[in-house]
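Q: need a 3D model of the sequence below.
(one chain, ligands or ions: 1)
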Amino acid sequence: MDTQNTALLKDLLSARRSVRTFTEKPLSLTALDAFLYAGQGRTSKDGKRTAPSAHALHPLTLRVVVRQVEGLVPGVYLHDSPTGKLSRIGDLIDQGTLSSAALGDEQWLEDAPAVIAIVAQREVAIDRFAEQQADGLRGARYVDFEAGAAVQNMYLAVTAAGLGGVVVMGFDDLRMKEALRLERPLFPVALFCVGHPLK
Ligand SMILES: Cc1cc2nc3c(=O)[nH]c(=O)nc-3n(C[C@H](O)[C@H](O)[C@H](O)COP(=O)(O)O)c2cc1C
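A: Now for the predicted structure:
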């Protein structure tokens, strides 16, 4: 056993916390890239990623609402898992739109310099795993589970970088789908707000 790595991981796990208040300091692109890699980075030639996926289906994609990231024009970006590249696919979402789709008063959806959306081809997973369970719930469960693994990876990467983040899943699915301008078959599973913690 590599005791140094084990101790390092234990430290990260112990320090991980949800952070909901951020300074106005922009996020560096290097930090954002590291968080996206932790969430859905490609780790093998056959397309495997940092987070596990049932049947290696990999139904998840990351999109980023970029408000203040060094070197990036504000807007909505798509993360390409195989290359790690970010491409701008739309203008910035209007202030107040993300939080208006939330079930609670989630100001951090508006204040974070970047909000990473974990979106899924949910129906594709439901169809693929219908043979395991006819009601389709298994595919949906797998998608949620995989998003959880991706989010935990990002929590740990954010902790390692000395920054802060929080996952938000309390939102109206259809309103958030609209807010993020997701086309079918994409479905919003979770949002991860990241930034420099306000101490
Ligand atoms: C499935 C799930 C959904 C969550 N949804 C929200 C949310 O909508 N808004 C929020 O502020 N925090 C949300 N959280 C973060 C939890 O509130 C947080 O993990 C909990 O308070 C424990 O704190 P910790 O993460 O610092 O250990 C969610 C966490 C999980 C696991």
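
Q: need the pLDDT of Ala120.
A: With respect to pLDDT, Ala120 scores 98.

Q: so whichever strand or helix holds it, near the ligand or not?
A: Using DSSP states H and E, Ala120 falls within strand 114-121. No - among the residues of strand 114-121, none lie within reach of the ligand under Cβ under 6 Å from any ligand atom; the closest is 11.4 Å away. C-betas here are computed from N, CA, C, even on glycine.

Q: which secondary structure elements does the helix or strand just after that strand contact?
A: For strand 114-121, the succeeding helix or strand toward the C-terminus, using DSSP H and E, is helix 122-128. On a contact count with 3 or more Cβ pairs under 8 Å, 6 or more residues apart in numbering; DSSP states H and E, helix 122-128 meets helix 137-160, strand 186-195.

Q: how far off centre is helix 122-128?
A: Offset of helix 122-128 from its chain centre (Cα atoms, centre = their mean, to the nearest Å): 20 Å.

Q: next, count neighbours for Ala161.
A: When neighbours are counted by other Cβ atoms under 10 Å, Ala161 registers 19.

Q: how about it, what does it touch?
A: Contact partners of Ala161, counting by Cβ atoms under 8 Å, 6 or more residues apart in numbering, are Ala31, Ala34, Phe35.

Q: these two touch, right, Gly96 and Leu109?
A: No - using Cβ atoms under 8 Å, Gly96 is not in contact with Leu109, being 9.4 Å away.

Q: quick one, which of those two is more surrounded?
A: Leu109 (25 against 11).

Q: what helix or strand is the more buried one located in?
A: helix 108-111.

Q: next, the buried residues of that helix.
A: Trp108, Leu109, Glu110, Asp111 (16 or more other Cβ atoms under 10 Å).

Q: for whichever residue of the chain sits closest to the ligand, which non-adjacent residue is spatially closest?
A: Residue of the chain nearest the ligand, by Cβ to the nearest ligand atom: Gly170 (3.0 Å). Nearest-residue entry for Gly170: Leu103, 4.3 Å, with adjacent residues in sequence omitted and distances by Cβ to Cβ, 6 or more residues apart in numbering.

Q: for burial, what's the neighbour tally of the one you found?
A: Using other Cβ under 10 Å, the number of residues around Leu103 comes to 11.

Q: interface residues of the chain facing the ligand?
A: Arg17, Ser18, Arg20, Glu106, Val166, Val167, Val168, Met169, Gly170.

Q: got TSV for these, with secondary structure, neighbour count and pLDDT too?
A: As requested, the residues of the chain next to the ligand are exported to TSV (DSSP: H, G, I helix; E, B strand; the rest coil; neighbours: other Cβ atoms under 10 Å; pLDDT from 0 to 100):
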residue	secondary structure	neighbour count	pLDDT
Arg17	coil	13	98
Ser18	strand	12	98
Arg20	coil	19	98
Glu106	coil	20	97
Val166	strand	22	98
Val167	strand	19	99
Val168	strand	23	98
Met169	coil	18	98
Gly170	coil	10	98
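
Q: tell me what Pro188 is bridged to.
A: Beta bridges link Pro188 to Val119 when assigned by DSSP bridges.

Q: my guess is it contacts Ile116. True?
A: No - using Cβ under 8 Å, Pro188 is not in contact with Ile116, being 11.4 Å away.
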